[in-house]
Every structure is written in C-alpha cells, then in structure tokens.
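[1] sequence and computational prediction follow.
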Amino acid sequence: DQQVKQNSPSLSVQEGRISILNCDYTNSMFDYFLWYKKYPAEGPTFLISISSIKDKNEDGRFTVFLNKSAKHLSLHIVPSQPGDSAVYFCAAGIGNQFYFGTGTSLTVIP
Amino acid sequence: EAGVVQSPRYKIIEKKQPVAFWCNPISGHNTLYWYRQNLGQGPELLIRYENEEAVDDSQLPKDRFSAERLKGVDSTLKIQPAELGDSAVYLCASSPYLGTSLLEQYFGPGTRLTVT
C-alpha cells in the first residue's frame, strides 16, 4: 500500500521556467514532509522540508507547499536550471514511521 | 568531511549465492539506516541502528537478511541466499541524532545488486 505517491514519473521543463513536482499522501496523521534530490549513482540528498503546521516553506529557488485538506504536497523550483535535472523524491512521516514516494525525474532543458 | 561510504558500488551474483554490503557512516553519527530501493520506487527502510543496537528491524526479511553494527560504527548487511527479487539498490544513511527523523539523514551512493 503506497502511502506516498508521485504520479508523474517524469517532467521536462525549459531552463528559466518553473518546475512543479507533485506528491500525494494518504495518511492525514503525517506531521512532516520532505523533498530529496537524487543524481545518478549518488544517494538522495535532503532539499527542503515542511511541518504539518505550515502551508509553505521557501528556501532560495525552492518552495514547498502543503495542502493538508487535499493531502497534497508540491515543490516549486523557480527559475529552473540545468543542474536541477535529477530525480526528486517526496517523503512523509509521523514519529518513527516514514515513507518515500516513487520519484519524479526532472529534466531541465537548456 | 567525508560522506557515507558504501562498498561495493555494484555487485552481480547468481541466485542462491550469498552477498554482503558494507557501510561506513559519517564520523560521529550515532544512527545508521539501511534502505532498499527497487527500480522505480522510493527507498524503503530495512533496519535502523542506534549505536550498536538494532532498534527497528521490522521491515527486514529475517529469513535471508541479516545485519550487524558491532562497534557502533561500520555496518554490514548480508543476504543469504539471494533471490532474483533482491535485485535493487541498497542504500546506507547515517544521522548525528538518535531516534528516527528524515531530517539530517545523509545517504551513501548505494550498492546496486543484480541477481541473475
């Protein structure tokens, strides 16, 4: 049973435009959410997080939005750069339990 | 600062053979995690160590998988015997904090296992 889902396996965006990556979850009790970025042949690296008490968190070009009523999380990258091309995983957790999504492969076209 | 080191990076074995993966966490990190990532999926936690104690191994298939972290530093994950379905990337991560949190987890590059 997939508790965290990323329904778009891939996304292509022109350099300079906005990238929007989406994530849906099923457990309304999750109290923290994160995005990880993964380059080929490397482990995931932490990108940005948000707790369930917030609906937005911003860090430079990266903004995460949380819509608890829709159980939906999104990551906005503005402006997108070729170096952002990677696989992005969302993750959600509560206490000692956490789950990763299946990942979205982002390609930023120069 | 050196990151999480894993070896080997790639391993190809025949089914029913044993295999072992090694992880050296970041110096000083108390918590160590082993994950399995199947193709097209996100990482799934197999086992978590706090120092040398396995505090969460509920997702570890204990009939064929074993792990150890004898001195609370390096860790090995073993599969014996391997099955075709074990083909995956095995990720190790470490954290300076005790307890589970996705924050402050640093991942190694992983070991890609192919079972033929």
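    Great, that's in hand. Keep in mind that this is a model prediction, so the values were computed, not measured.
[2] where does chain B dip in pLDDT?
    Applying pLDDT under 70 to the predicted model, the residue ranges of chain B that meet it are B:1, B:99-103.
[3] can we see that at 90?
    Across chain B, the ranges flagged by pLDDT under 90 are B:1-2, B:39-41, B:55-56, B:58-59, B:70-72, B:95-105.
[4] what does chain A have sitting close to chain B?
    By CB under 8 Å from any CB of the partner chain, the residues of chain A that approach chain B are A:4, A:9, A:32, A:34, A:41-46, A:49, A:89, A:91, A:93, A:95-103. (C-beta placed from N, C-alpha, C; glycine too.)
[5] which among those residues count as buried?
    For those, a neighbour count by 16 or more other CB atoms under 10 Å in any protein chain shown gives the buried set as A:4, A:32, A:34, A:43-44, A:46, A:49, A:89, A:91, A:93, A:98-103.
[6] and the residue nearest to the spatial centre of chain B, how close does it get to chain A?
    For chain B, the residue whose C-alpha lies nearest the mean C-alpha position (CA atoms, centre = their mean) is residue B:34; its distance is 2.9 Å. Distance, residue B:34 to chain A, by CB to the nearest CB, to the nearest Å: 12 Å.
[7] same deal with residue B:47?
    Per CB to the nearest CB, residue B:47 is found 13 Å from chain A.
[8] I'd guessed that residue sits against residue B:54; true?
    Yes. The pair formed by residue B:47 and residue B:54 meets the contact definition of CB atoms under 8 Å, at 5.8 Å.
[9] who's more crowded, the two?
    Here residue B:47 and residue B:54 are set side by side on neighbour count (other CB atoms under 10 Å in any protein chain shown), and the busier one is residue B:47, at 23 against 16.
[10] tell me which residues are up against the helix or strand hosting that one.
    Under the criterion DSSP states H and E, the helix or strand holding residue B:47 is strand B:44-50. Residues external to strand B:44-50 that are found in contact with it (CB atoms under 8 Å, 6 or more residues apart in numbering or on different chains): A:98, A:100, B:30-38, B:54-57, B:59-60, B:65, B:67, B:69, B:72, B:75, B:77, B:98-100.
[11] what sits against residue 70?
    In the absence of a named chain, this looks at chain A. Counting by CB under 8 Å, 6+ apart, residue A:70 makes contact with residue A:24.
[12] look at chain B instead
    Here residue B:70 is in contact with residue B:52 (CB under 8 Å, 6+ apart).
[13] tell me the SS of it?
    Counting by DSSP: H, G, I helix; E, B strand; the rest coil, the backbone at residue B:70 sits in coil.
[14] ok so, going back, give me the helices and strands touching whichever helix or strand comes after the strand holding residue B:47, please.
    Note on strand B:44-50: by DSSP H and E, the next helix or strand toward the C-terminus is strand B:53-56. Packing contacts for strand B:53-56, counted by 3 or more CB pairs under 8 Å, 6 or more residues apart in numbering or on different chains; DSSP states H and E, involve strand B:44-50.
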